[in-house]
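# here you go, sequence then predicted model.
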Amino acid sequence: MQNLSRRRALTLGAALGLVGAAPSTAAWAWSSAGSLAGTDTVTDPWDVWDDATDPLVAALLDNGQIPGVNTAFGSWFDNGDALPAGLPTELVTYLNQYNRLPSWADSTKLANAAKFNKRVSLYLFLLYGLGSGIMSTVIPREARNVYYSAGGADMKSRAAKTFTYGYDLSAPDAFLPTGHFITTSNKTRLTHAAVRHLLPQSPAWRAVTDNPIPISNGDILITFHSLGTFVHRKLKAWGIRMTAAEETAYLHQWQVALHLLGVRDDFIPATWAAADEQSNYVLTPLLAPTPEGIELAKILLGLVSQVDLGLTLGIQREFVRYVLSDRIGDWLRLPRDLVARTLIEVGWPAYVAFQEGLSPIVPAGFSTIDKLVRAVAMAFLNNGTSTTYTPITIPTGNRPGA
């Protein structure tokens, strides 16, 4: 896989009957002059996977060593923890090299990001849960990859692991020795490598995919824009107070996160302007409905409904439409509730103004909107403690029957 370009992969895939259509991504045209690397080159991130990780995990899977790795990982959480006993020698060598922050990580910016995350946590939970989480279901490749992987068969557990990643990133000590995010990132990176090895073995996935190897650097960038860039845009649109230093810090934590997931520095945007430009190019044009995504969206919305605060499904569905667009709501076949929509359109801006201290008036519908915020936060937090509820484990197979 190390030397397999996307063109060669597609040619091979066509010959084997793995792909029946052209890729759903346009030729890459974003220059890395706007990246952390700052080199003015144009390299296609859909040609790049993870040469450092993929062969290692493929060998561990083929040798039946992953269950033992998962057992060892069960006691490895804190960034400052020593590597657990019982890991294969080659994995120890790998982690000794990659289980660390990049040399360009700025501890001051990361500390500022932690403070910012705490201050705007109310909005982050809501946007990550009902915004980014549901948006992922209309990113065709991501929806299909999730659905046909092992996690797709148990979306409550799969969503909880995603919450773990977001929770650990947003924690006050995310990048400190007492935090979890560096170890969580490494487990996630290894999981991605396992999915890259396993999904091509699934006939059901091969029948619908346009990329014979999933989760390229380009796919991870799309996920970043559905999370970090999307949230940053919404916070600005809602008038949330953000200093220039806070905006820079919030971007920097995502830059570090992308690096830890194996994305090359020449693909990582250096500024929000560069991120917006890249997002307009790689995310927005690719959004589309799929049968798999429609099913996943129903399950994800159901998880929030399990938090019994007396909320109607209408308020959840209409908030999804409000933050993502009615077009996406129609794609996902979300039934309309115009009463709930009116409440949101009038009440949410007033709610934000009240929360931000811009208005002393408690808005009409405050209780209903506050319940929505708390329901998403509770779904996020109850599934977001990596030491208790949702350990990230490396899969050894795909969705049963796929």
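Structure's in. What do you need?

# low-confidence stretches in the stretch 301-402 of the chain?
Across the stretch 301-402 of the chain, the ranges flagged by pLDDT under 70 are 304-312, 363-365, 375-390.

# any chance you could map the helices in it?
Along the stretch 301-402 of the chain, counting by DSSP state H, counting those that start in this stretch, helices occupy 313-324, 326-331, 338-355, 366-382.

# of those, which stretch is the most buried?
Among the helices of the stretch 301-402 of the chain, helix 313-324 has the highest mean neighbour count (mean count of other C-beta atoms under 10 Å), at a mean of 22. Backbone N, C-alpha and C define where each C-beta goes, glycine included.

# off-centre distance for that helix?
In this view, helix 313-324 has its centroid 20 Å away from the chain centroid, taken as C-alpha atoms, centre = their mean, to the nearest Å.

# and that helix, what other elements does it pack with?
For helix 313-324, the packing partners by 3 or more C-beta pairs under 8 Å, 6 or more residues apart in numbering; DSSP states H and E come out as helix 133-135, helix 291-305, helix 326-331, helix 338-355, helix 366-382.

# what residues does that helix touch?
With contact meaning C-beta atoms under 8 Å, 6 or more residues apart in numbering, helix 313-324 is reached by 126-127, 130-131, 134-135, 234, 301, 304-305, 328-329, 332, 334-337, 339-341, 343-345, 348, 368, 372, 375.

# neighbours of Ala288, how many?
Neighbourhood size, Ala288 [other C-beta atoms under 10 Å]: 13.

# make that Ala143, sorry
When neighbours are counted by other C-beta under 10 Å, Ala143 registers 24.

# hmm, back to that, now the helices of the stretch 301-402 of the chain as JSON lines including distance to Phe224?
JSON lines is the format used below for those (distance: least, C-beta to C-beta, whole Å):
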{"stretch": "helix 313-324", "distance to Phe224": "17"}
{"stretch": "helix 326-331", "distance to Phe224": "19"}
{"stretch": "helix 338-355", "distance to Phe224": "25"}
{"stretch": "helix 366-382", "distance to Phe224": "19"}
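
# which residues in the stretch 51-200 of the chain form helices?
Counting by DSSP H, counting those that start in this stretch, the helices of the stretch 51-200 of the chain are 54-62, 66-73, 89-98, 107-119, 121-126, 133-135, 140-148, 155-170, 181-198.

# next SSE downstream of the last one?
Going down the chain from helix 181-198, the next helix or strand is helix 203-208, by DSSP states H and E.

# does anything pack onto that next one? Which helices or strands?
So helix 203-208, by 3+ C-beta pairs under 8 Å, 6+ apart, packs with helix 140-148.

# so which of the helices and strands packed on helix 313-324 comes closest to Leu176?
helix 366-382 (19.8 Å; C-beta to C-beta).

# and the helices and strands packed on helix 313-324: which comes nearest Thr188?
The nearest among these, by C-beta to C-beta, is helix 133-135 at 15.9 Å.

# that closest one: how far from the chain's middle?
9 Å.

# what mean pLDDT does it get?
In this model, helix 133-135 has a mean pLDDT of 93.

# so who does the most centrally placed residue in the chain touch?
The centre of the chain sits closest to Thr223, judged by C-alpha atoms, centre = their mean, with a distance of 5.0 Å. By C-beta under 8 Å, 6+ apart, the contact list for Thr223 reads 136, 139, 142.

# so it is in which element?
Secondary structure assigned from DSSP H and E places Thr223 in helix 217-224.

# which SSE is immediately downstream of that helix?
Where DSSP H and E defines the elements, the next helix or strand beyond helix 217-224 is helix 230-237.

# state the number of residues packed around Gly74.
By other C-beta under 10 Å, 11 other residues sit near Gly74.

# before we move on, what about the one 4 residues further on?
Close neighbours of Asp78, defined as other C-beta under 10 Å, add up to 15.
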